[in-house]
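Peer 1: dropping a prediction and its sequence here:
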Amino acid sequence: MPKNKDKKIRHLLLGILFDAIGMLSFVIPFIGDFSDIIWAPLSAWLMTRMYKGKIGQAAGLVTFIEEIVPGLDIIPSFTLMWFYTYVFKRAEKNETIEV
C-alpha cells in the first residue's frame, strides 16, 4: 500500500478513536465534564500534530472549543477534519482546470 494511503487510513482511524474518547464524557455524568478539562487541550494539540499548517491550527482551536463547551462533545471534529482534508479538499483540487 502506498505511503500516502497509509497516512490517510491512519488519520481516519486515529480520528475516529479521538472522537470516541471525546464522547466518553457523555457516558460518565459529572466526571465526564471534568475529563473535558484535560481532554480539550490534549485533543487540540493532537489535531495540530495530525494536520499541519494554518488549517491544523484552526482545527485545533475549533476542537478545543468543541471539547471544552459542555454538550458539544457529540461533534466528531477529528472525523470532520479528515473528510475536509481527504475528500472535500481533494475534490476541490480535481475541479481546478489548468490553462
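Peer 2: Perfect, I can see it now.
Peer 1: pLDDT weak spots in the protein?
Peer 2: Within the chain, the stretches with pLDDT under 70 are 1-2, 90-99.
Peer 1: contacting residues for the closest residue in space to P76 that isn't next to it in sequence?
Peer 2: Sequence neighbours aside, D19 is the residue nearest to P76 in space, at 4.2 Å (criterion: Cβ to Cβ, 6 or more residues apart in numbering). To be clear about C-beta, it is placed using only N, CA and C from the backbone, and glycine gets the same treatment. By Cβ atoms under 8 Å, 6 or more residues apart in numbering, the residues touching D19 are 76-79.
Peer 1: which one of those residues is nearest to K52?
Peer 2: Each of the contacts of D19 was checked against K52 using Cβ to Cβ; the closest is F78, at 14.9 Å.
Peer 1: packing partners for the host helix or strand of that closest one?
Peer 2: Using DSSP states H and E, F78 sits in helix 77-83. Helices and strands touching helix 77-83, by 3 or more Cβ pairs under 8 Å, 6 or more residues apart in numbering; DSSP states H and E, are helix 3-23, helix 31-50, helix 53-68.
Peer 1: Y86: which of these is closest?
Peer 2: Going by Cβ to Cβ, the one of these nearest Y86 is helix 3-23, 5.4 Å.
Peer 1: how far off centre is that closest one?
Peer 2: Averaged C-alpha coordinates place helix 3-23 at 8 Å from its chain's average position (Cα atoms, centre = their mean, to the nearest Å).
Peer 1: relative orientation of that helix and helix 31-50 in degrees?
Peer 2: Put simply, helix 3-23 runs at 160 degrees to helix 31-50, going by axes from the mean of the first three to the mean of the last three Cα atoms, to 10 degrees.
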